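Enquirer: Fold the following.
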Amino acid sequence: LKCLIVDDEPLARREMMQLLSMHPGVTVCGEAASVSEALSLTETQKPDLVFLDIKMPGESGFDYVARVP
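Expert: Here you go, the predicted structure:
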């Protein structure tokens, strides 16, 4: 299962990485601090699952969902 972590807070991303590392079937294919970064990684990495922060500066997690193909 390829996962993408999207959160503007580095500590939150690190915590999620640690939690996911306990699951051998899960691979983190990237981290993003913004919607634009997340969209770029989504296009190149094609994750199966996205752990998405809702409240971020600029665009929200809902903006990401609305723009994902």
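
Enquirer: C-alpha only now, for contacts and for neighbours.
Expert: Fine.

Enquirer: Now do the same for the residue lying farthest from the centre of the chain: helix, strand or coil?
Expert: Most distant from the centre of the chain: residue 24, at 18.3 Å, with distances by C-alpha atoms, centre = their mean. Under DSSP: H, G, I helix; E, B strand; the rest coil, residue 24 falls in the coil class.

Enquirer: Use 9 as the first number from now on
Expert: I'll keep to 9 as the first residue from here, and by that count the last item is residue 32.

Enquirer: Please read off the pLDDT at residue 77 from the model.
Expert: Per-residue pLDDT puts residue 77 at 81.

Enquirer: burial measure for it, as a count.
Expert: Around residue 77 there are 8 other residues, counting by other C-alpha atoms under 10 Å.

Enquirer: Look up how far residue 33 lies from it.
Expert: 25 Å (C-alpha to C-alpha, to the nearest Å).

Enquirer: Ok, residue 62 next?
Expert: 25 Å.

Enquirer: Who has more neighbours out of the two?
Expert: Neighbour tally, residue 62 and residue 33, criterion other C-alpha under 10 Å: the higher count belongs to residue 62, 15 against 9.

Enquirer: that's a strand at that one, yeah?
Expert: No: secondary structure of residue 62 (three-state DSSP): coil, not part of a strand.

Enquirer: Now do the contacts for it.
Expert: 68, 69, 70 (C-alpha atoms under 8 Å, 6 or more residues apart in numbering).

Enquirer: contacting residues around the first one?
Expert: The neighbours of residue 68, taking C-alpha under 8 Å, 6+ apart as the test, are 43, 61, 62.

Enquirer: Which stretches in the chain count as helices?
Expert: Counting by DSSP state H, the chain has these helices, from start to end: 18-29, 43-53, 69-75.

Enquirer: Please produce a markdown table containing those, extended by mean neighbour count.
Expert: Shown next, in a markdown table, are those (neighbours: other C-alpha atoms under 10 Å):
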| stretch | mean neighbour count |
| --- | --- |
| helix 18-29 | 14 |
| helix 43-53 | 16 |
| helix 69-75 | 13 |
